[in-house]
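Chemist: Provide a 3D model corresponding to the input given below.
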Amino acid sequence: MTETVYLRRPPDWEEHEKPALPGSPAMPWHAPWERVCYALVAVLVGLTGGLGNALFTANLPTIQGQMGLTPSEAAWLSGAYVTFNVTANMLVYKFRQQYGMRLFAEIGLGLYALLCVLHLLLGSPQSLLWLRGASGLAAAACTSLGTLYMLQALPRTYVLKLLVLGVGVSQLATPLAWMLSPSLLNHGQWHNLYMLEAGLALLSFAAVVLLKLPAGVHIQVFGKRDFLSMALLIHGVGLLVAVLVQGTTRWWFNAPELAWLLCGAIVLLFAGLYLEHHRPNPLLYTRWFTQSATIRFVIGAIVLRFLTTEQSYGVVGLMRTLGMTPDQMQPLFVVIFFGTLLGIVLSSATFGLDNAAKQLLAALVLLAAGAFLDFHRTSLDRPADFYLSQLLLAVGSGIFMGPLMLLGVVQGLKNGPSHMLTAILTISMTQALGGLIGSSLLGTYQTYREQSYSVDLVQQINPANPLVAQRLQLQQQALAPTITDPVLRSAQGTAQLAATVRREANVLAYNDVFHVVALVAFVYLAWCLLEIGQARRAAARAARHARSLQDNASEVGTDAANATPDDDGDDTDDVPASAAAPASATRPPPATADAR
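Modeler: The predicted structure follows:
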């Protein structure tokens, strides 16, 4: 085992002030106004980390149109964010242990603000690509930094509840972005979005510099082979992200370059994991991933993240298909915002190791119920019709993140503090890549079902059918005041009917998406209940076995006590026989049957 090398002499803390781990700040006493300031900075930093990408995602069609980007080019922007976010998560834990979290945040926020200003000046797709990458880097830094600031807001006894609040702040960024977007775009083009991003980054940078976290312990953790492993893993993840973001746009089997990218990702990831497997002090403890409990945790984390894409992909995609604009969807995201906030508060109020499994089950039930309510939608539905289902989904999304992190960290700490980085990185990667995988899978399934429904509907449209002929005639009559040429009028009526068919096919396909999400949720819920039942039965058997062993031990002890001679009532058990012999010789012999 390697010896810990301290880069700075740790201060003389009181026992309750010591940081839990190297890289974490101490927990000294703060005045009430200081605690309020720490909480406000935590909210500011957490929203800064998530709001940039949320604004970009919410307004992607507008940005794509104003900058003249194709769907494939726009997909690279989302891929840049995820790639840099995963990269930063690989770096952030060890970086904060050796150099401190504040330095990492200052680098990330400073670069983020600089690229925001640069993009405002250039306005090119290349500058936007770099900005989205910097946004992913800043998001990883801000998520960790916001959580550490939130932990300073209350005494140490509330650390678990504050952990949920710190992690949950960034979850509010997505609905908040949809709430702010209409007013930002109504008073300008895409420039207002990046002015807000730059302003938040600069405010967070100033807040972090002015209100510093308490000092912590800094140790030597980076090794030379760390950078080789990270280079292999980062490039492998980047190629995998490229395949996921381009698969539905270019279609999986129509772009041979996607196959080469996937092969490269497999080779690089395998090489990186092989190198980590044979290192004495690796970044990732690969043997941890072979444990059955770890496999179940990873599957559960990916499934939960997959279920949340019903909201970000399914509902938003359906609303856009029906022609809904951001200002029409704004009330829906107000409901989602308060639902997410309610879920975070409920999770924090009931948070604890004993309640973690119950919270995850509650979140899973809410996610399943929300998806179940959505798979009978029609083209007449509007955002107000989604209030109940999306409220349930938002509450479930707000609940599950805290207990998921707790279970992951506990699972890692079972193998020692050295596995903390592996556990944290696993959580962050399952959430970052899980959302991307969910969107890719659901997008692929929706496209496939839309094509199937389109073929079925088109086959039913026969101009010889009186109902179809009447519909075409009505459409041509509606176009008569604007189009005088009967040939053009007939072609326009046919085109409108084809557009209606595509719209209805898309609605049916999104219903299938909601059905799949609900089915996955219910299957996973049943599996979790089965696992819990088996665990309880195993615990009951172990308890009965322990009680039986205890009862047997008690019976053996009782029999041994009954077999010990104690006729005179004296404490002669501890007297040696040699010492007791003279005394017994002076006593008269006991009366026997023969003597009587």
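Chemist: ok now do the residue nearest to the spatial centre of the chain, which residues does it touch?
Modeler: Closest to where the C-alpha atoms of the chain average out (Cα atoms, centre = their mean) is Gln431, at 3.6 Å. Residues in contact with Gln431 (Cβ atoms under 8 Å, 6 or more residues apart in numbering) are 301, 305. No exception for glycine: its C-beta is placed from N, CA and C like everyone else's.
Chemist: again with Arg287
Modeler: For Arg287, the contact set (Cβ under 8 Å, 6+ apart) comprises His277.
Chemist: what stretches of the protein score poorly on pLDDT?
Modeler: Residue ranges of the chain with pLDDT under 70: 1-23, 187-189, 462-464, 475-476, 479-480, 484-485, 489, 493, 553-596.
Chemist: Let me see the domain layout of it.
Modeler: Following automatic domain parsing, the chain resolves into domains at 15-222, 285-541.
Chemist: Can you lay out those as TSV showing distance to Leu262?
Modeler: Listed next are the domains of the chain as TSV, based on distance: least, Cβ to Cβ, whole Å:
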stretch	distance to Leu262
domain 15-222	14
domain 285-541	12
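Chemist: re the thing from before, determine the three-state secondary structure at the residue nearest to the centre of the chain.
Modeler: Put simply, Gln431 is helix when judged by DSSP: H, G, I helix; E, B strand; the rest coil.
Chemist: Can you give me the distance of it to Lys94?
Modeler: Relative to Lys94, Gln431 is positioned 20 Å away (Cβ to Cβ, to the nearest Å).
Chemist: One more: Trp76?
Modeler: Look at Trp76 and Lys94: by Cβ to Cβ, they are 29 Å apart.
Chemist: circling back to that earlier point, looking at the domains of the chain, which one is packed in the most?
Modeler: domain 15-222 (a mean of 20; mean count of other Cβ atoms under 10 Å).
Chemist: Next up, phi/psi of Phe56, please.
Modeler: Note on Phe56: backbone dihedrals following degrees, to the nearest 10 are phi -60, psi -40.
Chemist: what's the answer for Pro25, then?
Modeler: According to degrees, to the nearest 10, the main-chain angles of Pro25 amount to phi -70, psi 160.
Chemist: got the contact list for it?
Modeler: 19, 101, 148, 151-152, 213-216.
Chemist: Against Leu145, how distant is it?
Modeler: 10 Å.
Chemist: Also Val468?
Modeler: The gap separating Val468 from Leu145 is 61 Å, by Cβ to Cβ.
Chemist: before we move on, back to that, what touches both of Pro25 and Leu145?
Modeler: By Cβ under 8 Å, 6+ apart, the residues touching both Pro25 and Leu145 are Met101.
Chemist: got a list of what Glu310 touches?
Modeler: Shown in contact with Glu310 (Cβ under 8 Å, 6+ apart): 367, 370-371, 374, 393, 442, 513-514, 517.
Chemist: Of these, which is the nearest to Gln64?
Modeler: Checking those against Gln64 with Cβ to Cβ, the nearest one is Leu442 at 20.2 Å.
Chemist: From Leu304, how far out is the closest one?
Modeler: Leu442 is 15 Å from Leu304, where distance means Cβ to Cβ.
Chemist: Throw the contacts of Glu310 into TSV and include secondary structure, thanks.
Modeler: Conversion of the contacts of Glu310 to TSV gives the following (three-state DSSP):
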residue	secondary structure
Leu367	helix
Gly370	helix
Ala371	helix
Asp374	helix
Leu393	helix
Leu442	helix
Val513	helix
Phe514	helix
Val517	helix
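Chemist: quick check, nearest of those residues to Val245?
Modeler: Nearest member of the contacts of Glu310 to Val245, counting by Cβ to Cβ, is Leu442, at 13.7 Å.
Chemist: Wait, the closest one touches Asp512, no?
Modeler: No - counting by Cβ atoms under 8 Å, Leu442 does not reach Asp512; the two are 9.8 Å apart.
Chemist: Any chance you could list what contacts stretch 406-426?
Modeler: Around stretch 406-426, the neighbours that count as contacts under Cβ under 8 Å, 6+ apart are 21, 89-90, 93-94, 160, 163, 281, 283-285, 288-289, 293-294, 297-298, 301, 351, 353, 356-357, 360, 427.
Chemist: Quick check: helices, which of the residues you listed are part of them?
Modeler: Applying DSSP state H to the contacts of stretch 406-426, the entries found in helices are 89-90, 93-94, 160, 163, 293-294, 297-298, 301, 356-357, 360, 427.
Chemist: now, among the residues you listed, which is nearest to Trp260?
Modeler: Met90 (24.3 Å).
Chemist: who's in contact with that closest one?
Modeler: 230, 233-234, 283, 425.
Chemist: out of these, what pair is the most spread apart?
Modeler: Ile234 and Leu425 (12.0 Å).
Chemist: What segments of the stretch 301-450 of the chain are strands?
Modeler: Taking DSSP state E, counting those that start in this stretch, the stretch 301-450 of the chain contains no strands at all.
Chemist: And the helices in it, which stretches?
Modeler: Ranges of helices within the stretch 301-450 of the chain are 316-321, 326-349, 356-374, 387-413, 420-460, based on DSSP state H, counting those that start in this stretch.
Chemist: Relative to Phe205, tell me which of those wins on proximity.
Modeler: helix 420-460 (22.6 Å).
Chemist: now the angle from the helix or strand that that closest one is followed by to helix 420-460?
Modeler: Beyond helix 420-460 on the C-terminal side, the first helix or strand identified by DSSP states H and E is helix 466-479. Helix 466-479 runs at 100 degrees relative to helix 420-460, counting by axes from the mean of the first three to the mean of the last three Cα atoms, to 10 degrees.
Chemist: by contact count, what packs against helix 466-479?
Modeler: helix 486-562 (3 or more Cβ pairs under 8 Å, 6 or more residues apart in numbering; DSSP states H and E).
Chemist: Next, the angle from the helix it packs on to helix 420-460.
Modeler: Using the same axes, to 10 degrees: helix 486-562 against helix 420-460 is 140 degrees.
Chemist: C-terminal to the helix or strand encompassing Val245, what's the next element?
Modeler: In this structure, Val245 sits in helix 224-250 according to DSSP H and E. Once helix 224-250 ends, the next helix or strand along the chain (criterion: DSSP H and E) is helix 256-277.
Chemist: Any buried residues in that following helix, and which?
Modeler: 258, 261-262, 264-265, 268-269, 271-273, 275-276 (16 or more other Cβ atoms under 10 Å).
Chemist: quick check, nearest of the residues you listed to Thr482?
Modeler: Relative to Thr482, the closest of the buried residues of helix 256-277 is Leu258; by Cβ to Cβ it sits at 44.2 Å.
Chemist: and the closest one, how far is that from Ala198?
Modeler: Leu258 sits 35 Å away from Ala198 when distances are taken as Cβ to Cβ.
Chemist: could you dump stretch 148-156 to CSV, C-alpha only?
Modeler: Taking C-alpha atoms only, stretch 148-156 is exported to CSV below (Å, rounded to 0.1, in the frame of the first residue of the first chain):
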residue,chain,number,x,y,z
LEU,A,148,-19.5,21.4,-1.5
TYR,A,149,-20.8,25.0,-1.0
MET,A,150,-24.2,23.6,0.0
LEU,A,151,-22.6,21.4,2.7
GLN,A,152,-21.3,24.6,4.4
ALA,A,153,-24.9,26.0,4.7
LEU,A,154,-25.8,24.0,7.9
PRO,A,155,-23.9,22.1,10.6
ARG,A,156,-22.4,18.7,9.9
